[in-house]
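A.B. asks: no FASTA, just this:
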């Protein structure tokens, strides 16, 4: 039995939810998102809460039950509050800036890296060494943050590279004479 699936998703004020033919449409102040449910789970809206139940007692239905409840929560939270990831850049000459609809990164390569900002995602650079990625879709925000980090992941000796703000880098000792 799914412990997560037993809990309802509460619909906050300011969010409108429509459920038709297994497709959940949520609209809030941050944006609008859709979620298509699998045939093995049955969503329902009752008294300002979204309940997700398994359609039958099969193993697949029980696996998908908690997953789709979590996806529903992510959609509702995303359109109401949104999701944000913070990246930090560490290294001499490493910097980031916004130019038009591109994020321009200078990360020690012989060329600058131009990353086009996808639809539904906003990127801010308060300083040249901090990047704030925000949007309504949790998966898209995490994917963009991981892609930007992959251009120069932090190395263990000096900690140079792009890292999440709360990431802890295990440092190694350098060569000994």
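C.D. replies: On my side now, so go ahead. Small disclaimer: the values here were computed from a predicted structure and weren't measured.
A.B. asks: shaky segments in this protein?
C.D. replies: Applying pLDDT under 70 to the chain flags residues 1-2.
A.B. asks: would you map out the domains in it?
C.D. replies: According to automatic domain parsing, the chain comprises the domains 9-80, 83-164.
A.B. asks: tabulate those domains (a markdown table), appending distance to residue 174.
C.D. replies: All C-beta atoms are positioned from the backbone trio N, CA, C, and that covers glycine. Putting those into a markdown table (distance: least, CB to CB, whole Å) gives the following:
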| stretch | distance to residue 174 |
| --- | --- |
| domain 9-80 | 42 |
| domain 83-164 | 6 |
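A.B. asks: do you know which of these lies nearest residue 171?
C.D. replies: domain 83-164 (5.9 Å; CB to CB).
A.B. asks: related to what we said a few turns ago, for residue 177, find the nearest of the domains of the chain.
C.D. replies: domain 83-164 (16.0 Å).
A.B. asks: sorry, back to before: can you redo the domains of the chain as CSV with distance to residue 170 and mean neighbour count?
C.D. replies: Shown next, in CSV, are the domains of the chain (distance: least, CB to CB, whole Å; neighbours: other CB atoms under 10 Å):
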stretch, distance to residue 170, mean neighbour count
domain 9-80, 30, 16
domain 83-164, 6, 16
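A.B. asks: of all these, which one is nearest residue 176?
C.D. replies: domain 83-164 (13.2 Å).
A.B. asks: how long is that closest one from one end to the other?
C.D. replies: One end of domain 83-164 to the other measures 14 Å (CA to CA, to the nearest Å).
A.B. asks: for the longest helix along the chain, name the packing helices and strands.
C.D. replies: Ranked by residue count under DSSP state H, the longest helix found in the chain is helix 59-80. Contacts defined by 3 or more CB pairs under 8 Å, 6 or more residues apart in numbering; DSSP states H and E place helix 59-80 against strand 9-10, strand 23-27, strand 32-36, strand 41-46, strand 49-54, helix 138-150.
A.B. asks: each with direction, which strands does the fourth one pair with?
C.D. replies: Strand 41-46 has the following strand partners under DSSP bridges: strand 49-54 (antiparallel).
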